[in-house]
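Chemist: coordinates only, sequence not included:
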């Protein structure tokens, strides 16, 4: 039997047969519960494993409403504040879930809500970048990923960004997902980000470095962390994360670079700028390196050790910012 695809929606449904990344625009807690419970129950009925990663404040209500409905497929829960405080750590969590539960011929489902009204500034920017990169993270997976956005608490610009970063959008708890007219395509979103970064407000310490002066760079980062009141372990993590980024500049981007450091309220930012034109792999630092891999660990370690890492290509330079709060 030949089935013709005669509409944009039909084409969108066919394109989503493998990996489907969908925004769920809801208004308030009741609509969130109805939409997410409906999505999870569809998975349970189809014997599809489900992982729900949302704020802890919502997990209890979801668990209580679902009770023992898991049946033959698990319904798992995780706190987004634990999994995705650094948004770059969310894709590895989804990858681990797929590795454990995906099987040939069986779909898996996920619900992930990294964007909320409490996110702002650099955190919100990196949540949007995370959503962009989700479109290329699992191209061969039989995986349906639903990303809730509360239109009652989020600004119009954030909601519009959701339409741009998701190929499918459903509006309301009972609506079906349809193709997003604002989605520019996965390949476009996977290009190195050129989104501007705000300049620091306060004093900036600057240090040009090359291979011979990485030791001095580490000492300067350590002094900055100590001066900001960081504990011993967090200072060491900041030093190691920044050193990994600077070493990447030395090895892969012309042999030298410039470190800038400054304080923000309750935090330190270390920025490394070099002559590189960006990193070829859009998921660098967001995929766990294979055990036998000889490289590719620098950005991974930086993301694991720090609170936030931002990658940009600005004015022909590669720029990486490492953010670390003074207290955990």
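Modeler: Nice, thanks for sending it over. Worth saying up front: this structure is predicted, and the values here are computed from it rather than measured. Numbering: from 1, shown residues only.

Chemist: from here on, just use CA atoms for contacts and neighbour counts.
Modeler: Noted.

Chemist: in the stretch 201-328 of the chain, which spans are helices?
Modeler: For the stretch 201-328 of the chain, applying DSSP state H, counting those that start in this stretch gives helices covering 214-227, 232-252, 298-305.

Chemist: closest one to residue 158 among the ones you listed?
Modeler: Closest to residue 158 of the helices of the stretch 201-328 of the chain is helix 298-305 (CA to CA; 24.0 Å).

Chemist: and stretch 199-213, how far apart are its ends?
Modeler: Chord length of stretch 199-213, first to last residue, is 25 Å (CA to CA, to the nearest Å).

Chemist: kindly report the same for stretch 306-318.
Modeler: First-to-last residue span, stretch 306-318, CA to CA: 19 Å.

Chemist: work out the gap between that stretch and the centre of the chain.
Modeler: 14 Å (CA atoms, centre = their mean, to the nearest Å).

Chemist: then stretch 239-259?
Modeler: 23 Å.

Chemist: if I look at the closest residue to residue 318 other than its chain neighbours, how far off is residue 315?
Modeler: Nearest residue to residue 318, sequence neighbours excluded (CA to CA, 6 or more residues apart in numbering): residue 276, at 4.8 Å. According to CA to CA, residue 276 stands 11 Å off from residue 315.

Chemist: what sits closest to residue 196 if chain neighbours are left out?
Modeler: residue 314 (7.2 Å).

Chemist: might you report the residue contacts of the one you found?
Modeler: 194-196 (CA atoms under 8 Å, 6 or more residues apart in numbering).

Chemist: which SSE is the residue most central in space within the chain in?
Modeler: Geometric centre of the chain, nearest residue: residue 130, 3.1 Å, by CA atoms, centre = their mean. Secondary structure assignment for residue 130, by DSSP states H and E: helix 121-137.

Chemist: and that helix, average pLDDT?
Modeler: Mean pLDDT, helix 121-137: 98.

Chemist: packing partners for the helix or strand residue 23 falls within?
Modeler: Assigned by DSSP H and E, residue 23 falls within strand 19-26. Applying 3 or more CA pairs under 8 Å, 6 or more residues apart in numbering; DSSP states H and E, we find strand 19-26 packed against helix 29-45, strand 143-150, helix 156-165, strand 168-171.

Chemist: identify whichever of these lies nearest to residue 60.
Modeler: helix 29-45 (11.3 Å).

Chemist: how far away from the center of its chain is that closest one?
Modeler: 23 Å.
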